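**Q** Here is a sequence together with a model predicted from it:
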Amino acid sequence: MDRGELDHDTLIAAFDRLDSLPDWIEDWDGSRRAQARLKNLTSQLIGRFARRAVRATREAYAQDALARFGADVVVPIETQAEIAVLKGIVAANVMSTNARKPIYERQRGILKELADALWDDPSHLDAGFATDFAAAADDTARKRVIVDQVASLTDPSANAWHERYA
């Protein structure tokens with residue numbers, strides 16, 4: 001199986017595992033209670049995925065310390081399938097609506113403009129990212145630092161940085 005390709009049975013099994021979780025949401029009314037249930041489900045899923053990846057990575061790399069670039073993160077196929085199912089649900093129910101497309105296009109534009117501005121003037125990078133940028137061996141590694149910096153921002157902070165620097 002090629003990377004990124006999951007067969008139908010694997011995806012159905014992943015959906016069934018997710019659907020059987022005790023925190024899985026069966027209905028939505030937009031209330032604060034429903035939002036709290038969604039937040040709880042999100043936390044449970046993040047923990048579930050992170051624990052599995054840590055366990056699989058530790059099994060694949062026996063050394064005690066796994067410093068940056070000391071190992072590749074190993075994500076079990078079951079976890080990849082569950083994430084793919086969730087992405088599909090979001091794509092079908094949220095991101096594909098025509099009303100949202102202009103919002104996503106504008107967000108992409110803001111992030112690209114911000115990344116370009118940080119590339120042009122990396123002095124605005126947070127301290128840790130600035131250190132990584134200075135230590136980067138080439139432009140590809142420096143661009144990765146810029147991407148990591150932008151990815152670390154919340155939506156409000158990305159908008160604020162964009163107003164300040166782009």
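**A** Noted; the coordinates are in hand.
**Q** what does the domain assignment say about the protein?
**A** According to automatic domain parsing, the chain is divided into the following domains: 8-95, 101-165.
**Q** chain center to the last one: distance?
**A** Mean C-alpha position of domain 101-165 versus that of the full chain (Cα atoms, centre = their mean, to the nearest Å) differs by 16 Å.
**Q** average pLDDT across it?
**A** The pLDDT scores in domain 101-165 average 93.
**Q** quick revisit: what would the domains of the chain look like in JSON lines with mean neighbour count?
**A** To be clear about C-beta, it is placed using only N, CA and C from the backbone, and glycine gets the same treatment. Formatted as JSON lines, these follow (neighbours: other Cβ atoms under 10 Å):
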{"stretch": "domain 8-95", "mean neighbour count": "12"}
{"stretch": "domain 101-165", "mean neighbour count": "14"}
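**Q** Residue 56 and residue 73: what is the separation?
**A** Distance, residue 56 to residue 73, using Cβ to Cβ, to the nearest Å: 8 Å.
**Q** Please enumerate the helices of this protein.
**A** 8-19, 32-60, 77-90, 101-120, 127-135, 139-151, 155-165 (DSSP state H).
**Q** what sits up against stretch 48-61?
**A** Residues from elsewhere that reach stretch 48-61 (Cβ atoms under 8 Å, 6 or more residues apart in numbering): 66, 70-76, 78-79, 82-83.
**Q** Restrict that stretch to CA atoms and write it as CSV.
**A** Extracted C-alpha coordinates of stretch 48-61, given in CSV (Å, rounded to 0.1, in the frame of the first residue of the first chain):
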residue,chain,number,x,y,z
ARG,A,48,-5.3,8.6,22.0
PHE,A,49,-3.3,9.5,18.9
ALA,A,50,-0.3,10.9,20.8
ARG,A,51,0.0,7.8,23.2
ARG,A,52,-0.1,5.4,20.2
ALA,A,53,2.5,7.4,18.3
VAL,A,54,4.8,7.6,21.3
ARG,A,55,4.4,3.9,22.0
ALA,A,56,5.1,2.9,18.4
THR,A,57,8.1,5.3,18.1
ARG,A,58,9.6,4.0,21.3
GLU,A,59,9.2,0.4,20.1
ALA,A,60,10.9,1.3,16.8
TYR,A,61,13.7,3.3,18.4
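**Q** Quick one: distance of that stretch to the chain centre.
**A** 17 Å.
**Q** Give me the mean pLDDT for it.
**A** 93.
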